[in-house]
Structures are given as C-alpha cells and as structure tokens.
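S.K.: Next input, structure requested:
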Amino acid sequence: MGSIGLTEILIILAVVLLLFGGKKIPELMKGLGSGIKEFKNAAKDDQPANKKEEEKKD
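M.R.: Coordinates of the predicted model:
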C-alpha cells in the first residue's frame, strides 16, 4: 500500500500534462534541473567553508 505502482505514475503524468500542457513541461523540467544544479553547487561551496571554520575553533 505504501509504494507507487505504474498505474499511479501514469495517472500523475496525465494530470500534469493536462494542467500544464505539452509546451510548458520542458520549461518546467529545465527550471527544475537548473535549480537542483544551483543547490548542489551551493552545497559544495559551503562544505569547505564549514571545515575552515572548524579548524579555526581548534
């Protein structure tokens, strides 16, 4: 009952297609992809800064 099957995925995709239309979906995916990429880059940039701050405390 907790897992999503093929039928549920197809229903979700059909609803998304009806709501946004075929032309808008590639724009949404491009925006989502660039947002994830920016988030990963920000996370990478933040890690060395945290390590430097920890070294200064010691």
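
S.K.: So for this protein, the centremost residue is which one?
M.R.: The centroid of the chain falls nearest to residue 36 when counting by C-alpha atoms, centre = their mean (4.6 Å).

S.K.: Helix or strand for that one, just tell me which one.
M.R.: helix 24-57 (DSSP states H and E).

S.K.: Would you mark the buried spots in that helix?
M.R.: Buried residues in helix 24-57, counting neighbours by 16 or more other C-beta atoms under 10 Å, are absent. Any C-beta I mention is one placed from the backbone N, CA and C, and that applies to glycine too.

S.K.: Quick one: list the elements packing against it.
M.R.: Contact analysis of helix 24-57 by 3 or more C-beta pairs under 8 Å, 6 or more residues apart in numbering; DSSP states H and E lists helix 6-20 as its packing neighbours.

S.K.: which helices and strands does the helix it packs on pack with?
M.R.: For helix 6-20, the packing partners by 3+ C-beta pairs under 8 Å, 6+ apart are helix 24-57.

S.K.: quick check: angle from the helix it packs on to helix 6-20?
M.R.: Using axes from the mean of the first three to the mean of the last three C-alpha atoms, to 10 degrees, the inter-axis angle of helix 24-57 relative to helix 6-20 is 100 degrees.

S.K.: pLDDT score assigned to residue 52?
M.R.: Predicted confidence (pLDDT) for residue 52: 57.

S.K.: where does this structure have its least confident helix or strand?
M.R.: helix 24-57 (a mean of 80; mean pLDDT, DSSP states H and E).

S.K.: quick one: that helix to chain centroid distance?
M.R.: Centroid displacement of helix 24-57 relative to its chain, using C-alpha atoms, centre = their mean, to the nearest Å, is 11 Å.

S.K.: Please apply the same query to stretch 4-13.
M.R.: Distance of stretch 4-13 from the chain centroid (C-alpha atoms, centre = their mean) equals 19 Å.
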